[in-house]
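**Q** Predicted coordinates and the sequence they were generated for:
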There are 2 protein chains.
Amino acid sequence: MTDANLAILHIHQLLTMAGPARPRVGAEMNGLGLIADGAVILGDGRIRWVGPSSAVPDDLRRQCDRIVDLAGRPLVVLPGFVDSHAHPAFAGTREEEYELRIRGATYEEIAARGGGILNSARRVAQASREQITANILHYAPLFLAHGTTTIEAKSGYGLSVDGELKLLRAIRDAGAHTPLEMVPTFLGAHAYPAEYRDDHRGYLNLIIHDMLPRVAAEKLAVFCDVFCDRGFFSVAETAEILEAAARFGLRPKIHADELAPFGAAELAARLNAVGADHLEKISPAGIRAMADQRTVAGLLPGTAFNLALEHYPPARALIDGGVPVALATDFNPGSCFTLNMQLILAIACTQMKMSPAEALTAATINGAHALDQGDRLGSLEPGKAADLAVMDCADYRIIPYFFGVNHCVETIKGGRPMNGFAFLAPTADTTGFRSARPASE
Amino acid sequence: MTDANLAILHIHQLLTMAGPARPRVGAEMNGLGLIADGAVILGDGRIRWVGPSSAVPDDLRRQCDRIVDLAGRPLVVLPGFVDSHAHPAFAGTREEEYELRIRGATYEEIAARGGGILNSARRVAQASREQITANILHYAPLFLAHGTTTIEAKSGYGLSVDGELKLLRAIRDAGAHTPLEMVPTFLGAHAYPAEYRDDHRGYLNLIIHDMLPRVAAEKLAVFCDVFCDRGFFSVAETAEILEAAARFGLRPKIHADELAPFGAAELAARLNAVGADHLEKISPAGIRAMADQRTVAGLLPGTAFNLALEHYPPARALIDGGVPVALATDFNPGSCFTLNMQLILAIACTQMKMSPAEALTAATINGAHALDQGDRLGSLEPGKAADLAVMDCADYRIIPYFFGVNHCVETIKGGRPMNGFAFLAPTADTTGFRSARPASE
């Protein structure tokens, strides 16, 4: 052992999320692997041991260089959130569009005024790679501060060879300067850029023959994603892009059936995509196809909330139909500008009727599977990454129930506590500016 | 001047909310009194001067003992939020009911299992006054940390002479130990307690002849509130209670028309109530009556969100109909367990189509009027209390647009900065645990 071992003992409520080594479905999504008065031992950035505090092996305890004893504190410890759908690579906020939308402007009207995805694309074109990197690094600490240890990082606001490469390189550059883990996804097929509005073939060729080879050559992305929906990329166009991407070693993901039942979920199942996201308008056939393939459904209820959509994604039909469900923020400056997974849990519970336990499963282990990282992230089991969130509440249900506050007082990424357990300092800050201390009943 | 003066200069975006000395209606609600590069001078706990940084009078500048120069930082400064509807006096959280509700239990089923208001009443009966005080003081710093400087504090979980007095005394006790200002409201008529379920007359007599005289004698409340709705207190019962309360010097407020169009808004107007709150089911006649009397409508969209109600309160119809609208959290352990007014703004904007400026007006100056404190709170004008919130964002619209994070980095109550402007310290915390730093574009 070269690195220090760290034991965290006497955790009031430890959620291990331990279970089968695959995405959780049906009743499995209510399993939390809950240990009352639990302990975790970390070493070399990984989980070494997990179990009841009373059962910590003596030899392991003796090896620990540091023991953080949380006895008597009403804390919940769980795996760091894995936010499997996020667009952190952008340049500039879009609060003007937010206000226009509230005042009644339609998506089309906002687009006609220069808004929407193409607005972000224009700003990315004007920004330097360094500015994009700085923007990502601006938000990365906030993800960590809210308990998220891994996010997906999509391109998609470039929509040109230079733009897409700039975004993916910025994601890679940023990754070297933050403990937040980012899994990069190439989303050149986010929308048709203005100059290809009437030349879809031309943009498909650009993606397949110019972007994909360069993305692959520089190993800039793990996944390839396509916005497959009415007014965006057709099922045939999506299949063509994703099949080409597979030849370059990029696994498929799909923005699916957000605006219309479009057959995108069925396509995701057919292509063995790691996940299909959005799904507000998924058809019963789409649910059956995804259940058969165990394709992870990435639900983004923050977007439905923020856009005040008539319907949220059908979480109950998906779970009850046997589809593994993940929850993510959809963090982006247009349709959903939030990075707080705790609020996503609250929206999922109240608006989609997911139980708190299902929502936590969806935000941790199923999120990890949605990024094809279920073998190393998303649960607290020996050998997995030591990624943990410490929540200042007495019961896991309080995380969504007491909503709109940040319960996270410590995030540990790869065994490294981001906040140095400062919340344990005896000189408590009485102003409440540091932590959201919920009731200790 | 005996106390030190404090000048805050060169604020990127200062929202004074200055305007007519009455609740704002119609287009007035979009007025923010915005000053780009503004300055505020505080002294003796009050606002002494507000205006452009370039126009600070020399003599005033010379009197200042401390100048906090925020020039160049993308910060928004506004009046501290006035949360005009909150139930902070309780004993114990109710996350079990939260989960039952998500799993489909109705209000009646939860009540039958011992849940609801009577659940909280039972817990209050078992708690000591000191425990209630401690519970209030547990949450008070969190209100402040999210930019709220004044809240209403209702009783209503006592439902007995001893219980109601215990809650109101606890609110008074807590007020001596937190800078958070609390305006107490007697809500003995929150629900009929079990033992009076079939004896409404008996409980009305208890309120009118036992509770009200003692509340008034100890000066424990400023307002008297009644839950006037289907299954709770009738219009006639409400009028009887509020007319008795008026004889004891308590001004009326009403929980109105939440479950059904009940005539409660009309009653509020007729009794010259300071406000009527909830109003999910207000009738057109109720809107007209409130507009005629300029009765403040206290909307609680967090409750509609958390309960996933079919309809939010009709904010647009109220504003367009000339009713002054306030926004509040409804903070309580049952139907809406949040204290973050910034999230309430986001819910109001996206779900009720209030503009960001209208929402901010509703959360500051109109909230102050909803507590009959419009002459001293809710706007930054000379002579008013020096209650300010400092938000770490470049534009006020970002407060609701970038939702689910706490933008507040400093709260000033009565001239006293709660956080000592720690966010200005040169050794910035890079973990992001202290502040939500949004984009500085």
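**A** Okay, I see it.

**Q** Dihedrals phi and psi, the residue of the stretch 1-150 of chain A at minimum distance from chain B?
**A** Of all residues in the stretch 1-150 of chain A, A:Pro141 sits closest to chain B, with a separation of 2.6 Å (Cβ to the nearest Cβ). Placement of C-beta: from N, CA and C, glycine included. Comment: the main-chain dihedrals of A:Pro141 come out as phi -60, psi -30, following degrees, to the nearest 10.

**Q** give me the number of residues near it?
**A** Using other Cβ atoms under 10 Å in any protein chain shown, A:Pro141 is surrounded by 24 other residues.

**Q** Which pLDDT value does the model give it?
**A** At A:Pro141, the pLDDT value in this model is 97.

**Q** now do A:His87
**A** Per-residue confidence for A:His87 comes out at a pLDDT of 98.

**Q** any idea how far the nearest residue to it once chain neighbours are set aside is from chain B?
**A** Leaving aside its sequence neighbours, A:His87 sits nearest to A:Asn332 (Cβ to Cβ, 6 or more residues apart in numbering or on different chains; 3.8 Å). A:Asn332 sits 11 Å away from chain B, going by Cβ to the nearest Cβ, to the nearest Å.

**Q** Surely A:Asn332 touches A:Phe90?
**A** Yes: in terms of Cβ atoms under 8 Å, A:Asn332 counts as a neighbour of A:Phe90; the distance is 7.0 Å.

**Q** And the two? Which one has more around it.
**A** For A:Asn332 and A:Phe90, the more surrounded residue by other Cβ under 10 Å is A:Phe90, and the numbers stand at 28 against 24.

**Q** Determine the number of other residues adjacent to A:Ile254.
**A** Residues near A:Ile254, counting by other Cβ under 10 Å, number 33.

**Q** Touching the helix or strand that contains it from outside, list them.
**A** Following DSSP states H and E, one finds A:Ile254 within strand A:251-256. By Cβ atoms under 8 Å, 6 or more residues apart in numbering or on different chains, the residues outside strand A:251-256 that reach it are A:185, A:190, A:222-229, A:232, A:238, A:242, A:245-246, A:262, A:264-265, A:267-268, A:271-279, A:282, A:286, A:372.

**Q** Quick check: can you list the domain ranges of chain A?
**A** The domain map for chain A lists A:5-79+A:379-424, A:82-370, with the assignment taken from automatic domain parsing.

**Q** Just the helices from the stretch 251-400 of chain A, written as ranges.
**A** Applying DSSP state H, counting those that start in this stretch to the stretch 251-400 of chain A gives helices spanning A:264-270, A:284-293, A:301-306, A:315-320, A:341-352, A:356-363, A:365-370, A:398-401.

**Q** Which other helices and strands does the fourth one contact?
**A** Under the contact criterion of 3 or more Cβ pairs under 8 Å, 6 or more residues apart in numbering or on different chains; DSSP states H and E, the helices and strands touching helix A:315-320 comprise helix A:284-293, strand A:296-299, strand A:325-327, helix A:341-352.

**Q** For the last one, which helices and strands make contact with it?
**A** For helix A:341-352, the packing partners by 3+ Cβ pairs under 8 Å, 6+ apart come out as helix A:301-306, helix A:315-320, strand A:325-327, helix A:356-363, helix A:398-401, helix B:95-102, helix B:301-306.

**Q** what does the second one give?
**A** The criterion is 3+ Cβ pairs under 8 Å, 6+ apart, and the helices and strands that strand A:296-299 contacts are strand A:275-278, helix A:315-320, strand A:325-327, helix A:365-370.

**Q** partners of that strand in the sheet?
**A** Strands flanking strand A:296-299 in the sheet, each with its direction: strand A:275-278 (parallel), strand A:325-327 (parallel) (DSSP bridges).

**Q** of the ones you listed, which approaches A:Leu100 most closely?
**A** strand A:275-278 (22.4 Å; Cβ to Cβ).

**Q** still on that earlier bit, put the buried members of the contacts of strand A:251-256 into a ChimeraX selection.
**A** To isolate the buried subset of the contacts of strand A:251-256 in ChimeraX, counting by 16 or more other Cβ atoms under 10 Å in any protein chain shown, use the following:
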select /A:185,190,222,223,224,225,226,227,228,229,232,238,242,245,262,264,265,267,268,271,273,274,275,276,277,278,279,282,286,372
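
**Q** and the lowest-mean-pLDDT helix or strand in chain A, anywhere near chain B?
**A** Every helix and strand in chain A was compared by mean pLDDT, DSSP states H and E; the lowest is helix A:107-112, with a mean of 82. No: remark: helix A:107-112 sits outside contact range of chain B, by Cβ under 8 Å from any Cβ of the partner chain, the gap being at least 13.9 Å.

**Q** list the helices and strands that helix packs on?
**A** The criterion is 3+ Cβ pairs under 8 Å, 6+ apart, and the helices and strands that helix A:107-112 contacts are helix A:95-102.

**Q** just checking, what packs against the helix it packs on?
**A** With contacts defined as 3+ Cβ pairs under 8 Å, 6+ apart, the secondary structure elements packing on helix A:95-102 are helix A:107-112, helix B:341-352, helix B:356-363, helix B:398-401.

**Q** Near chain B, which residues of the stretch 251-400 of chain A are found?
**A** A:302, A:305-308, A:337-340, A:342-343, A:346, A:349-351, A:353-356, A:395, A:397-398, A:400.

**Q** follow-up on the earlier one: can you list the helices and strands packed on strand A:296-299 in TSV and add mean pLDDT?
**A** Compiled in TSV, those are given as follows (pLDDT from 0 to 100):
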stretch	mean pLDDT
strand A:275-278	96
helix A:315-320	98
strand A:325-327	98
helix A:365-370	98
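
**Q** The ones you listed: which one's closest to B:Asp198?
**A** Each of those was scored for nearness to B:Asp198 using Cβ to Cβ, and the closest is helix A:315-320 (39.1 Å).

**Q** Once you drop chain neighbours, what's closest to the residue at minimal distance from the centre of chain A?
**A** Most central in chain A under Cα atoms, centre = their mean is A:Asp83, positioned 1.2 Å from the mean C-alpha point. Taking Cβ to Cβ, 6+ apart, and ignoring the residues beside it in sequence, A:Asp83 has A:Ile151 as its nearest neighbour in space, at 4.3 Å.

**Q** What separation do you get for that neighbour and chain B?
**A** The value you get for A:Ile151 to chain B, if Cβ to the nearest Cβ is used, is 14 Å.

**Q** same thing with A:Lys166?
**A** Between A:Lys166 and chain B the distance is 17 Å, computed by Cβ to the nearest Cβ.

**Q** Kindly report the same for A:Glu195.
**A** Distance of A:Glu195 to chain B, given as Cβ to the nearest Cβ: 25 Å.

**Q** what secondary structure does that residue sit in?
**A** When the structure is split into helix, strand and coil by DSSP: H, G, I helix; E, B strand; the rest coil, A:Glu195 lands in helix.

**Q** In contact with it, which residues are there?
**A** By Cβ under 8 Å, 6+ apart, A:Glu195 has no neighbours at all.

**Q** residues in the stretch 101-250 of chain A within reach of chain B, list them.
**A** Counting by Cβ under 8 Å from any Cβ, the residues of the stretch 101-250 of chain A near chain B are A:102-104, A:135, A:138-142, A:144-146.

**Q** Which two among these are spaced furthest apart?
**A** Of all pairs drawn from these, the one with the longest distance (Cβ to Cβ) is A:Gly104 and A:Leu144, at 37.1 Å.

**Q** more neighbours, those two?
**A** For A:Gly104 and A:Leu144, the more surrounded residue by other Cβ under 10 Å is A:Leu144, and the numbers stand at 27 against 9.

**Q** Which of the three states applies to the closest residue to A:Gly158 other than its chain neighbours?
**A** The shortest distance from A:Gly158 to any residue that is not its chain neighbour, by Cβ to Cβ, 6+ apart, is 3.7 Å, and that residue is A:Glu164. Here A:Glu164 is recorded as helix under three-state DSSP.
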